Structure formats: C-alpha cells, structure tokens
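A.B. asks: Quick one, fold the following:
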Amino acid sequence: MTTEFRVLPDVSAVAAAAADRLIGAAQAAIGERGVFRVALSGGSTPKAVYPLLTVEPRLAMVEWDRVEWFWGDDRSVPPDDPESNFGVARQMLLSRLPGIADERVHRMPADAADRDAAARAYAAEMEHVFHPPDHQPPRFDLIWLGMGADGHTASLFPGSEALDVDDRWVVPNWAPSLETWRMTFTYPVLDAARLVIFVVTGADKRSALRQVREGDSDLPAGRVDAERIEWLVDAASAAGAPSPA
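C.D. replies: Presented below is the predicted three-dimensional model:
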C-alpha cells in the first residue's frame with residue numbers, strides 16, 4: 001500500500017486538486033482499458049468539485065461516454081431528496097456532461113424498502129459490469145471517499161456492524177451516531193480499488209486526520225487498505241498534524 005498526503009491551502013484548492021486527480025485517473029483508465037469505473041462520494045466537498053468538471057478546460061479532457069458511475073454509499077432517501085448523494089451528482093454533474101448514458105449510471109438504491117435485497121442487487125449489478133474473476137471484489141479505477149469528524153468513511157461508522165463484513169460488497173448499515181440507515185461499500189471493495197482518494201476539509205476533521213496520519217487503524221477511514229491511497233486535505237483539517245514520513 002502506498003499512501004500520500006497533500007495539504008492544500010483551502011477548500012477551493014482541494015476541490016481543484018480533486019477534479020484534476022479524477023481527470024487524470026479517467027484518462028489513464030480509458031487509455032489502458034477503454035473505460036473508467038469510478039465510485040463517487042457524498043458530503044459537502046463534492047459540491048465544490050462537480051462544477052469544476054463541467055466547464056472548460058476540464059470538460060473536454062475526458063471521454064465522458066466511457067465512464068461507468070457508481071456510488072460508494074448513500075442515504076436512505078429518494079433520488080430527488082437534497083440529501084441524496086446520487087441526486088446531488090445527477091443535478092450538479094451528470095446532467096451537465098456530454099454523452100452520459102443511463103445504462104452507465106448505477107444508482108445505489110439505498111431508499112429501497114427491502115434494504116438487504118437492494119444491497120445484494122447492487123452487488124450483482126457491479127458483478128455484471130466488472131466481471132471480476134472468481135467472484136473477487138470489483139476493482140474500481142477510483143473510489144472517492146470523504147471522512148467525517150468521527151473518522152467514518154463511506155457509511156462505515158464507528159461501532160457499526162458493516163465494519164466487520166468481509167463476505168459482501170454492499171450492505172445496509174445502521175449509523176449509531178445518526179440513528180439512520182445508510183447503504184455502503186464494505187472494505188473488500190474499498191481495498192480492491194486501484195486508487196482511493198480521500199478528500200477532506202474543515203477544522204472539525206482535525207483530530208480524526210491526525211489519528212489517521214499517526215497510523216491509527218481503529219478509525220474506519222484508517223482501515224482502508226487499497227493499493228494506492230491519496231489524501232487531499234486543506235490546511236484547516238491538517239493544522240497541527242504530524243508531517244508524513
């Protein structure tokens with residue numbers, strides 16, 4: 001595993017770096033394999049990144065019709081709810097990109113009445129798209145993650161049952177601190193990715209980020225063990241953190 005931390009001045013700089021990293025990963029994947037398979041994140045930071053991808057010069061830098069879109073987690077709300085990770089991406093990004101076909105947009109059905117069946121169906125959809133050998137986890141070109149002040153990532157929350165799931169790719173997960181249901185990728189999928197990018201901003205993340213940079217694997221974000229992990233963080237979240245070795 002290779003881990004890199006980049007501390008940038010502010011939210012705008014983090015957003016620009018995240019947009020450029022997504023474009024670079026997309027170009028490399030499309031050049032090598034003809035398709036870019038990405039799982040998007042939720043939270044506030046994507047709202048700063050998405051507009052940067054929909055205007056020149058970045059807009060013309062990716063063959064958007066060659067992208068397969070997934071989500072690493074979502075809230076148990078309808079797609080038109082402002083809290084929906086999918087809904088935000090659809091409104092701010094997908095609807096403004098050229099060549100986006102419905103069959104390449106794979107919404108996570110976190111609002112389904114039967115959460116377990118919906119999670120299994122999403123895993124089956126991933127298997128259909130990726131065709132992984134011997135039912136190994138799908139290998140995303142990029143999984144974009146955030147981190148909460150409590151150290152959660154995707155919807156893997158401290159104390160939640162999904163932290164210990166190693167035989168499924170997608171599960172419904174009760175978030176104890178929020179008293180609500182989410183749907184989330186599990187660690188086998190996160191760890192199989194070619195690249196994981198954590199995009200983290202805000203002084204409220206300072207304590208959790210320090211623990212991760214010190215090697216604390218007790219936090220959910222610190223347990224991700226992908227081939228390559230890049231952290232794009234702002235100065236507010238990194239203040240007082242130790243320099244990476």
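A.B. asks: show me where this protein has helices.
C.D. replies: 11-33, 45-53, 85-92, 115-130, 187-192, 206-213, 235-238 (DSSP state H).
A.B. asks: Please name the nearest non-neighbouring residue to residue 168.
C.D. replies: residue 186 (5.9 Å; Cβ to Cβ, 6 or more residues apart in numbering). In this view, the C-beta of every residue, glycine as well, is placed from N, C-alpha and C.
A.B. asks: residues touching that neighbour, list them.
C.D. replies: By Cβ atoms under 8 Å, 6 or more residues apart in numbering, the residues touching residue 186 are 156, 162, 165, 166, 168, 169, 170, 171.
A.B. asks: Distance to residue 83, neighbour count and pLDDT for these - can I get that in JSON lines?
C.D. replies: Shown next, in JSON lines, are the contacts of residue 186 (distance: Cβ to Cβ, whole Å; neighbours: other Cβ atoms under 10 Å; pLDDT from 0 to 100):
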{"residue": "156", "distance to residue 83": "18", "neighbour count": "30", "pLDDT": "97"}
{"residue": "162", "distance to residue 83": "19", "neighbour count": "24", "pLDDT": "97"}
{"residue": "165", "distance to residue 83": "24", "neighbour count": "17", "pLDDT": "98"}
{"residue": "166", "distance to residue 83": "29", "neighbour count": "9", "pLDDT": "96"}
{"residue": "168", "distance to residue 83": "24", "neighbour count": "16", "pLDDT": "98"}
{"residue": "169", "distance to residue 83": "23", "neighbour count": "23", "pLDDT": "98"}
{"residue": "170", "distance to residue 83": "19", "neighbour count": "28", "pLDDT": "98"}
{"residue": "171", "distance to residue 83": "20", "neighbour count": "23", "pLDDT": "98"}
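A.B. asks: Tell me where the model's unsure across the protein.
C.D. replies: Under the criterion pLDDT under 70, the flagged ranges of the chain are 240-245.
A.B. asks: residues near residue 103, how many?
C.D. replies: Around residue 103 there are 7 other residues, counting by other Cβ atoms under 10 Å.
A.B. asks: do the same with residue 188
C.D. replies: 15.
A.B. asks: which residues touch it?
C.D. replies: Counted by Cβ under 8 Å, 6+ apart, residue 188 has contacts 137, 166, 168, 169.
A.B. asks: Thanks a lot, see you next time.
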